[in-house]
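A structural model of the following input is requested.
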Amino acid sequence: MPIKRLSSGGIIANYQCPAACGHCLYGCSPAAQPGYIDEPMAAKLCGQLRRLGCQGLHIGGGEPFLNIKGLIGLIKAIRGSGISLEYIETNAAWITGDERYLPLLGRLDPGKTYDGQALKEVFGYDVQWQCAQEYGMRFGGRALNLLRKYGERKPITPPSKPCSELQNTGHFHVDYLGRYIPPGCTGMGILLEDLGNELDPASYPVLSRLYKQGLGGLLEHAQELGYVLNPGGYVSKCELCFDIRKYLVSADRRGHPDLTPERFYMQDF
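Predicted coordinates:
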């Protein structure tokens, strides 16, 4: 299914970050793939996104503030294209003041370690789940570890119809390497120049199957290459999809160029 139109999304300026947060959808960390968006790529991305109807962009990462000069260049490219800059995501490691967090953190004993139940007893509600909901956290990437810890495993019958997640273009991302990333579906990418066209199965074997045959079609493909379902089940269909993709990267790296960046799958999740 070719992507004909985009509305609002974000540009991933880099994948490196001074933190390695447990909820990071893109698995960013100090050890992530190095690099930062340059001005030619920024101009190319913004021009193509504008032609596809994009009206607003935010800047994310990684940590965009790791390269101030590059960040300024990206801001200029966005504004120069006629697209509205909505906000910039940051882990705020560059902020030296801590007044914002003191009222909440002051209720905790710095000498103790709190699990989920202990936090609930202190605050009177499930602060972990509420924060995830308020922030709009997606349980993909490194956040799958949290879902595996607190979620319930069950057998999953993968649907053999086009993946609805991939058809959503309401909050997309493109990275500094020029790849479109479907909303929430990290670890996969479409070159920006291929948007608007039917995907070539040779270049996009995973995404083509998910678009046309759904997760069931991708599972059949993986089983032909030796993938075995976990008899204990999965906490979500998205975990099953990720587990399949991680297997495909290790089983046949040359055959799945749309599973990218490869280092994303080398992490412990």
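
what packs against the helix or strand containing Cys238?
Take DSSP states H and E as the rule and Cys238 turns out to sit in helix 237-251. Judged by 3 or more CB pairs under 8 Å, 6 or more residues apart in numbering; DSSP states H and E, helix 237-251 is in contact with helix 144-150, helix 205-224. In this view, the C-beta of every residue, glycine as well, is placed from N, C-alpha and C.

can you count the residues close to Asn67?
Look at Asn67: counted by other CB atoms under 10 Å, it has 20 neighbours.

Oops, could you answer that again for Phe264 instead?
Phe264 has 25 nearby residues by other CB under 10 Å.

So it is in contact with Leu25, correct?
No: taking contacts as CB atoms under 8 Å, Phe264 lies outside contact range of Leu25: 10.5 Å.

list the residues that contact both of those two?
Common contacts of Phe264 and Leu25 (CB atoms under 8 Å, 6 or more residues apart in numbering): Gly141, Thr186.

Extract the C-alpha set from the helix or strand containing Gln48 and format it as CSV.
Element membership for Gln48 (DSSP H and E) is helix 39-51. Backbone C-alpha positions of helix 39-51 (Å, rounded to 0.1, in the frame of the first residue of the first chain) are rendered in CSV as follows:
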residue,chain,number,x,y,z
GLU,A,39,21.9,20.2,6.2
PRO,A,40,21.5,18.6,2.7
MET,A,41,19.6,15.6,4.2
ALA,A,42,17.5,18.0,6.4
ALA,A,43,16.6,20.0,3.3
LYS,A,44,15.8,16.8,1.3
LEU,A,45,13.6,15.4,4.0
CYS,A,46,11.7,18.6,4.6
GLY,A,47,11.1,19.1,0.9
GLN,A,48,9.7,15.6,0.4
LEU,A,49,7.6,15.7,3.5
ARG,A,50,6.1,19.0,2.4
ARG,A,51,5.3,17.6,-1.0
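
Tell me the first helix or strand C-terminal of that helix.
In the C-terminal direction, the helix or strand that comes right after helix 39-51 (DSSP H and E) is strand 56-60.

Next, the angle helix 39-51 makes with that following strand.
Counting by axes from the mean of the first three to the mean of the last three CA atoms, to 10 degrees, strand 56-60 points 140 degrees away from the direction of helix 39-51.

just how off-centre is strand 56-60 within its chain?
Distance of strand 56-60 from its chain centroid, counting by CA atoms, centre = their mean, to the nearest Å, is 14 Å.
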